[in-house]
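1. have a look at this fold, sequence not included:
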């Protein structure tokens, strides 16, 4: 194939791909057949709360993915590599075995039987955003190098929206929660769009947070808060729950009753039990209630939130407010307590709730 034919493929069939791995699988297969390119590496920097960059490899018909944390990326800045040279302004890199020019990554490829290596940068809207490398077990001819060089603007143009798609979906899931983020990404964005969701509502907060905020420096307070939230989120998500939002030192989550009320109640209880055993620096109270909530887009035309509302949400929060008073880490309403082994603790009046409620703690 000529460079024009590959560019045409990229801008027609290639643009139909919905992810970088899908594109790389098809693109790598094409280059393997047409140019004898045995390996393609594609890396891009991203805007992500935890990851500095994504890397995908095409080799022997399969795709591998690696995500680099900010810590890993910081360490790699001090290691000579094709990616760092491209990032620092080198236009392209072309090496043939055995000369790896002092780069361990390339030397490792040559030791595995590759004999030719060619690397180019990606630029998204004029800004360096990553690169692509091509490796072969037979030498690239000058004609093939010219083709790889000629198609680079096209592959950059196709990868750019896929990277934006990845960043957008990741940020939505990070800030809204996995399920809510996916719903918004897939188009559930109109104010008032929503559904009734039967679930166990979880409300938790950190005990003594006001006193803690008065005695700790801000950086220590944030570190403690983030550490506690990490443990709460880990316990909730490990048991099928969905974290919806952080409210000050509190957290709102739901355990959908997709497999029945009893399963959701047990999952929420198990999550709270796991959380209790994993916390060390702070104490957290958890309130649980089973009910129906409105789940969807709520707010003003220019500022929406994707969350749950309803009297059952309020009740879960009121139940949690009693955990410290009653000396319990976890309290539940009768709706939850009828599923599993619980013991009645006390009948209490809750703010905003018409009738007194019997609160239960785990019976073990």
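-> Arrived safely. On a predicted model such as this, the values are computed, not experimentally measured, just so you know.

2. where along the protein do the helices fall?
-> Using DSSP state H, the helices of the chain run over residues 3-12, 20-35, 70-76, 82-87, 104-111, 142-150, 152-176, 178-185, 209-215, 218-238, 261-278, 311-320, 323-326, 334-337.

3. for residue 125, which of those helices is the nearest?
-> Nearest of the helices of the chain to residue 125, taken as CB to CB: helix 152-176 at 7.8 Å. Quick note: C-beta positions are derived from backbone N, CA and C, even for glycine.

4. which one of the helices of the chain lies closest to residue 129?
-> Of the helices of the chain, nearest to residue 129 by CB to CB is helix 152-176, at 7.2 Å.

5. which strands and helices sit next to that closest one?
-> helix 3-12, helix 20-35, strand 39-45, strand 116-124, strand 127-136, helix 178-185 (3 or more CB pairs under 8 Å, 6 or more residues apart in numbering; DSSP states H and E).

6. and these as a markdown table, adding mean pLDDT and mean neighbour count?
-> What follows is the helices and strands packed on helix 152-176, written out as a markdown table (pLDDT from 0 to 100; neighbours: other CB atoms under 10 Å):
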| stretch | mean pLDDT | mean neighbour count |
| --- | --- | --- |
| helix 3-12 | 96 | 16 |
| helix 20-35 | 95 | 19 |
| strand 39-45 | 93 | 22 |
| strand 116-124 | 95 | 21 |
| strand 127-136 | 94 | 20 |
| helix 178-185 | 78 | 18 |
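
7. returning to that earlier point: what would the helices of the chain look like in a markdown table with distance to residue 352?
-> Below are the helices of the chain laid out as a markdown table (distance: least, CB to CB, whole Å):
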| stretch | distance to residue 352 |
| --- | --- |
| helix 3-12 | 59 |
| helix 20-35 | 49 |
| helix 70-76 | 43 |
| helix 82-87 | 56 |
| helix 104-111 | 61 |
| helix 142-150 | 66 |
| helix 152-176 | 26 |
| helix 178-185 | 25 |
| helix 209-215 | 22 |
| helix 218-238 | 24 |
| helix 261-278 | 22 |
| helix 311-320 | 6 |
| helix 323-326 | 17 |
| helix 334-337 | 17 |
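
8. hey, least reliable of those by pLDDT?
-> Sorting the helices of the chain by mean pLDDT places helix 178-185 lowest, at a mean of 78.

9. picking that back up, distance to residue 267 added to the helices and strands packed on helix 152-176, as TSV?
-> Shown next, in TSV, are those (distance: least, CB to CB, whole Å):
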stretch	distance to residue 267
helix 3-12	46
helix 20-35	31
strand 39-45	37
strand 116-124	42
strand 127-136	40
helix 178-185	15
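
10. quick one: closest of those to residue 142.
-> Among the helices and strands packed on helix 152-176, strand 116-124 sits nearest to residue 142 (CB to CB), with 11.2 Å.

11. quick one: residues in contact with that closest one.
-> With CB atoms under 8 Å, 6 or more residues apart in numbering as the test, strand 116-124 has contacts from 44, 82, 85-87, 90-97, 106, 109-110, 128-136, 138-140, 145, 148-149, 152, 155-156, 159-160, 163.

12. one step back: out of the helices of the chain, nearest to residue 304?
-> So among those, helix 178-185 is nearest, using CB to CB, at 8.9 Å.

13. show me what that closest one is packed against.
-> helix 152-176, strand 242-247, strand 303-309.

14. check which residues of stretch 63-83 are buried.
-> 63, 68, 82, 83 (16 or more other CB atoms under 10 Å).

15. that should have said stretch 204-211, apologies.
-> Those would be 204, 205, 206, 209, for stretch 204-211 by 16+ other CB under 10 Å.

16. next one: the first one from residue 135, what distance?
-> When you say that, I think you mean residue 204. Note on residue 204: its distance to residue 135, by CB to CB, to the nearest Å, is 50 Å.

17. ok, the last one next?
-> Distance, residue 209 to residue 135, using CB to CB: 54 Å.

18. try residue 74
-> 26 Å.

19. how is this structure divided into domains?
-> Under automatic domain parsing, the residue ranges defining each domain of the chain are 3-174, 178-362.

20. related to what we said a few turns ago, now, among the buried residues of stretch 63-83, which is nearest to residue 298?
-> Closest to residue 298, out of all of these and judged by CB to CB, is residue 68, at 36.4 Å.

21. show me what contacts the closest residue to the closest one other than its chain neighbours?
-> Spatial nearest neighbour of residue 68, excluding adjacent residues (CB to CB, 6 or more residues apart in numbering): residue 53 at 4.7 Å. Neighbour list for residue 53: 43, 44, 45, 46, 67, 68, 73, 130 [criterion: CB under 8 Å, 6+ apart].

22. nothing else from me, thank you.
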